[in-house]
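Undergrad: Kindly generate the corresponding structure for this input.
(4 chains)
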Amino acid sequence: MFAVSSSAITVGELRAHLTNPGSGGVCIFEGWVRDENEGRTVLRLEYEVYDPLAIAEGEKVIAEAGQKFPFLEATCVHRSGLLEIGDCAVWVGVSAKHRDEAFKACRYIIDEIKVRLPIWKKEHYADGDSGWVVCERCANVRHG
Amino acid sequence: MFAVSSSAITVGELRAHLTNPGSGGVCIFEGWVRDENEGRTVLRLEYEVYDPLAIAEGEKVIAEAGQKFPFLEATCVHRSGLLEIGDCAVWVGVSAKHRDEAFKACRYIIDEIKVRLPIWKKEHYADGDSGWVVCERCANVRHG
Amino acid sequence: MKTITVRYFAGFREHAGLGEETLQLDVVTAMDVFNETRARHGSTEPTGHCKVAINDEMADWTAKVSDGDTVLLFPPVAGG
Amino acid sequence: MKTITVRYFAGFREHAGLGEETLQLDVVTAMDVFNETRARHGSTEPTGHCKVAINDEMADWTAKVSDGDTVLLFPPVAGG
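TA: Below is the predicted model of the structure:
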């Protein structure tokens, strides 16, 4: 299940989605709003999400993860709107029979979501400036 | 922080330990009691923990993880006593600046904890039998 | 000429100063649409990491556009 | 002869039928203590993946034991 949420992510509720009597290993990733990026002090973040395609592509990523690393349950929610330092911007949870699949599927989902979904992140800096962030993998390609 | 708990693991409280304004990536692993192991139906588990050495070795594992994959916060709690299907047996949480260190430190901690701490697990099966489980890595060595 | 609705997102929307416009364009592919809008709004954004969708389906830059299509122009993404 | 307190855990405790006993042993190393207790309780557990601690410190099997020491015998572990 992939969803976009314009209100705070409720982690307890999402964790309950992973329940399965056959689950032995559960891996959860959370992306939090950090107070600093590339040496600049960040005050808050703004996520713009194009929901219809973000959801379709998010579901596709989760299905791919399940093909590569069979799991029992997986859920991902991504925030839209204005977020403060410490807020949870994205939550990915995977429960599997064993921990290896749980870790690998969870990592696959977050890695792909960061670069494939129509989601844009604007950082608001302490110096009053703001700017749209480019995904790490894209930035790496650009820089060499 | 490493701890042994004889009562249910309260995940919300533990997650709060990971809070840090510099944290951008958080990885949590939970080991849950599964209803099946190596083809046998499991009814419940019993963990025996030798607390003084489990805590000392657990703290050592977390410190090693921090040397290899610098993180900001890390917490691990392992259950002792009788556990039912679906119960959380071990909780590992790591928050770091970026997700790569969070995933790798979390994985290092759970991998080492499974094979190094004086913790023993007895499975109670549906057929009335019970038995002490040998860790996966040890089992692999034994079987060749 | 084709009637094409173009939707701009994030930095593209801010640069164009609007979220959507309907244009009469002499275009064949999604890339043609992108080039027309770049010329129109004086954008210097490289196409390398941009993406495009046609009528809410992700598409290649070489995909053909038809009269009445909506083309969505996505600047480089950054989820997570 | 040395006075050694031996503590058994998990499967070792169940096999020996007791958690702890104090013995008079003619031993030099932790391994000697383990061998004495295996002979005493007829255990067939291989030493390969077992661990030992002396006075609450993890130790090598070749570590020397002293009169009055407590030796902890750990069968193969399985955390998580």
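Undergrad: The residue of chain A found nearest chain D: what's it in contact with?
TA: Per CB to the nearest CB, residue A:99 is where chain A lies closest to chain D, at 7.8 Å. Quick note: C-beta positions are derived from backbone N, CA and C, even for glycine. By CB atoms under 8 Å, 6 or more residues apart in numbering or on different chains, the contact set of residue A:99 is A:24, A:25, A:27, B:29, B:31, B:110, D:80.
Undergrad: Can you give me the pLDDT of it?
TA: On pLDDT, residue A:99 comes in at 97.
Undergrad: How many residues are close by residue C:9?
TA: 22 (other CB atoms under 10 Å in any protein chain shown).
Undergrad: What values do phi and psi take at it?
TA: Dihedral pair for residue C:9: phi -120, psi 150, per degrees, to the nearest 10.
Undergrad: what residues does chain C put near chain A?
TA: Contact residues, chain C versus chain A (CB under 8 Å from any CB of the partner chain): C:9-11, C:48-49, C:51, C:53, C:56, C:58, C:72, C:74-80.
Undergrad: Give me the subset of those residues lying in strands.
TA: The strands, defined by DSSP state E, take in C:51, C:53, C:58, C:72, C:74 from the residues of chain C next to chain A.
Undergrad: Tell me the one among those nearest to residue A:61.
TA: Nearest to residue A:61 among those is residue C:58, at 12.4 Å by CB to CB.
Undergrad: bridging residues for that closest one?
TA: Residues found in beta-bridge contact with residue C:58 (criterion: DSSP bridges) are residue C:53.
Undergrad: That one: what's it in contact with?
TA: With CB under 8 Å, 6+ apart, residue C:58 has these contacts: A:53, A:57, C:51, C:52.
Undergrad: With respect to chain B, which of the residues you listed is nearest?
TA: Of those, the one sitting nearest to chain B (CB to the nearest CB) turns out to be residue A:57, at 19.3 Å.
Undergrad: what's the burial count for that closest one?
TA: The burial count for residue A:57: 22, using other CB under 10 Å.
Undergrad: which SSE is it in?
TA: For residue A:57, the host element (DSSP states H and E) is helix A:51-68.
Undergrad: other SSEs contacting that helix?
TA: strand A:2-5, strand A:73-79, helix A:99-116 (3 or more CB pairs under 8 Å, 6 or more residues apart in numbering or on different chains; DSSP states H and E).
Undergrad: let's see 6 Å
TA: strand A:2-5, helix A:99-116 (3 or more CB pairs under 6 Å, 6 or more residues apart in numbering or on different chains; DSSP states H and E).
Undergrad: Tell me the bridge partners for the residue sitting nearest the centre point of chain C.
TA: Residue closest to the average C-alpha location in chain C (CA atoms, centre = their mean): residue C:73, at 3.6 Å. Beta bridges link residue C:73 to residue C:8, residue C:52, judged by DSSP bridges.
Undergrad: can you pull the pLDDT of the spatially most central residue of chain A?
TA: Central residue of chain A (CA atoms, centre = their mean): residue A:90, 3.6 Å from the mean position. With respect to pLDDT, residue A:90 scores 98.
Undergrad: Next, work out how far apart the residue of chain C found nearest chain B and residue A:106 are.
TA: Nearest residue of chain C to chain B (CB to the nearest CB) works out as residue C:80 at 7.8 Å. Applying CB to CB, to the nearest Å, the value for residue C:80 to residue A:106 is 13 Å.
Undergrad: which intervals of chain C have sub-threshold pLDDT?
TA: Flagging of chain C using pLDDT under 70 yields the residue ranges C:45-47.
Undergrad: interface residues of chain A facing chain C?
TA: When proximity is defined as CB under 6 Å from any CB of the partner chain, chain A approaches chain C at A:31, A:48, A:52-53, A:90, A:113-114, A:117-121, A:132-135, A:138.
Undergrad: Taking those residues, please make a PyMOL selection of just the buried ones.
TA: Command for PyMOL that selects the buried part of the residues of chain A next to chain C, burial taken from 16 or more other CB atoms under 10 Å in any protein chain shown:
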select buried, chain A and resi 31+48+53+90+113+114+117+118+119+120+121+132+133+134+135+138
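Undergrad: Out of the residues of chain A next to chain C, name the ones that lie in strands.
TA: In strands, defined here by DSSP E, the members of those are A:31, A:48, A:90, A:119, A:120, A:121, A:132, A:133.
Undergrad: what's the closest of the residues you listed to residue B:19?
TA: Using CB to CB, those come closest to residue B:19 at residue A:31, 14.3 Å.
Undergrad: Identify the residues contacting that closest one.
TA: By CB atoms under 6 Å, 6 or more residues apart in numbering or on different chains, residue A:31 lies in contact with A:89, A:90, C:80.
Undergrad: Count the residues that sit near residue 10.
TA: As the question left the chain open, I've gone with chain A. Residue A:10 has 13 nearby residues by other CB under 10 Å.
Undergrad: To clarify, I was referring to chain C.
TA: Other residues close to residue C:10 by other CB under 10 Å number 25.
Undergrad: what about the spatially closest residue to it that is not a sequence neighbour, distance to chain B?
TA: Of all residues not flanking residue C:10 in the chain, residue A:120 sits nearest, at 3.5 Å (CB to CB, 6 or more residues apart in numbering or on different chains). According to CB to the nearest CB, to the nearest Å, residue A:120 stands 17 Å off from chain B.
Undergrad: mind listing what residue A:120 touches?
TA: Residue A:120 touches A:48, A:132, C:10, counting by CB under 6 Å, 6+ apart.
Undergrad: Could you rerun that using 10 Å?
TA: Residues in contact with residue A:120 (CB atoms under 10 Å, 6 or more residues apart in numbering or on different chains) are A:46-50, A:132-135, C:9-13, C:74-79.
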